[in-house]
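K.L.:
Would you be able to build a 3D model of this:
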Amino acid sequence: MENAGSVSASRMTFMSGNAIRGAAKAALKKWISEERPAIGEFKYLAPPTTPFDKETGHSMPNFAYAYSAQAAEVEVDTETGHVRVVRIVAADDLGKAINPELVVGQIEGGVVQAQGYAMLEDYKTKDGYVLTDQLSTYLIPTILDIPEKVEAVILEVPDPNGPWGARGVGEMPFLPTAAAISAAVHDATGVWYNEFPLTPERILRGLGKI
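P.N.:
Numbering: from 1, shown residues only. Have a look, this model is predicted:
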């Protein structure tokens, strides 16, 4: 049995992996001692963290870090303001990839979700009421909107505290997507946009056409 806490902050593989390893090791010890059934229990506690030191600025605010970088290729129709994402290359250093196929799926899903945030999901309210409360007004990506290609680059630099060196990949692919798309739109148009989503109206306004 294992206790790994909540699934949040890209921590489940790190926490549950260490907890399962500890429980399996305890069960194996009982099995070797011919105890039947061999039941192992283990509670994994993450390494301690520290706040920022007021004098030196040094701290250990987190017990593990993962790293992500992305590049986007887009096409911008300067007549209609429509942006099409052609390709996303997502490189993620997540330590050991315990299940590489699931990692690729997580990267692809995170990219598509973040593309919706960056380009389609225009959340509007007025006087405390949500105006975009239907899928006809709050748009999310469909099969016709997603990039033609999402290329996942998995980097495996082991974390010394992770199970078999794993860290996690939960939110990582989501975080750089909007910035990558925005930078690609800037490269295509010469305009920096500081509002999301990048709707055709906003694109045309930035180009000075409306």
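K.L.:
Could you use CA atoms for every contact and neighbour count after this?
P.N.:
Noted.
K.L.:
which element follows the helix or strand of the chain with the lowest mean pLDDT toward the C-terminus?
P.N.:
Here the helix or strand of the chain ranked lowest by mean pLDDT, DSSP states H and E is strand 2-3, holding a mean of 58. Once the chain leaves strand 2-3, the next helix or strand it forms, by DSSP states H and E, is helix 12-32.
K.L.:
Can you tell me the SS state at Ile107?
P.N.:
Recorded secondary structure, Ile107: helix (DSSP: H, G, I helix; E, B strand; the rest coil).
K.L.:
Now do the contacts for it.
P.N.:
Going by Cα atoms under 8 Å, 6 or more residues apart in numbering, Ile107 touches Ala90, Ala152, Val169, Met172, Pro173, Phe174.
K.L.:
most neighbours, which of those residues?
P.N.:
Counting neighbours by other Cα atoms under 10 Å, the top entry in the contacts of Ile107 is Val169, with 28 neighbours.
K.L.:
Around Leu135, how many other residues sit close by?
P.N.:
Leu135 has 9 neighbours, counted by other Cα under 10 Å.
K.L.:
Ile88 - that's part of a strand, no?
P.N.:
Yes. Under three-state DSSP, Ile88 falls within a strand.
K.L.:
gap between it and Thr78?
P.N.:
Counting by Cα to Cα, to the nearest Å, the gap from Ile88 to Thr78 is 21 Å.
K.L.:
Among the two, which residue is more densely surrounded?
P.N.:
The neighbour count for Ile88 versus Thr78, taken as other Cα under 10 Å, is higher for Ile88 (23 against 15).
K.L.:
The most far-flung residue of the chain relative to its centre: which element?
P.N.:
Largest separation from the mean C-alpha position in the chain: Glu34, at 44.3 Å (Cα atoms, centre = their mean). Glu34 belongs to no helix or strand when assigned by DSSP H and E.
K.L.:
show me where this protein has helices.
P.N.:
When secondary structure is read from DSSP state H, the chain shows helices at 12-32, 100-119, 177-189, 200-206.
K.L.:
Now do the first one: distance to the chain's middle.
P.N.:
With Cα atoms, centre = their mean, to the nearest Å as the basis, helix 12-32 stands 27 Å off its chain's centre.
K.L.:
list the buried ones in that helix?
P.N.:
For helix 12-32, the buried set under the neighbour-count rule, 16 or more other Cα atoms under 10 Å, comprises 12-24, 26-28, 30.
K.L.:
What helices and strands are in contact with that helix?
P.N.:
strand 2-3, strand 42-43 (3 or more Cα pairs under 8 Å, 6 or more residues apart in numbering; DSSP states H and E).
K.L.:
partners of the last one in the sheet?
P.N.:
In the sheet containing strand 42-43, its partner strands are strand 2-3 (parallel), by DSSP bridges.
K.L.:
Verify the contact between Gly110 and Pro173 for me.
P.N.:
Yes. At 5.1 Å, Gly110 counts as touching Pro173 under the criterion of Cα atoms under 8 Å.
K.L.:
before we move on, back to that, switch the helices of the chain over to JSON lines; also include mean pLDDT and distance to Pro47.
P.N.:
Shown next, in JSON lines, are these (pLDDT from 0 to 100; distance: least, Cα to Cα, whole Å):
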{"stretch": "helix 12-32", "mean pLDDT": "93", "distance to Pro47": "11"}
{"stretch": "helix 100-119", "mean pLDDT": "95", "distance to Pro47": "25"}
{"stretch": "helix 177-189", "mean pLDDT": "97", "distance to Pro47": "30"}
{"stretch": "helix 200-206", "mean pLDDT": "96", "distance to Pro47": "46"}
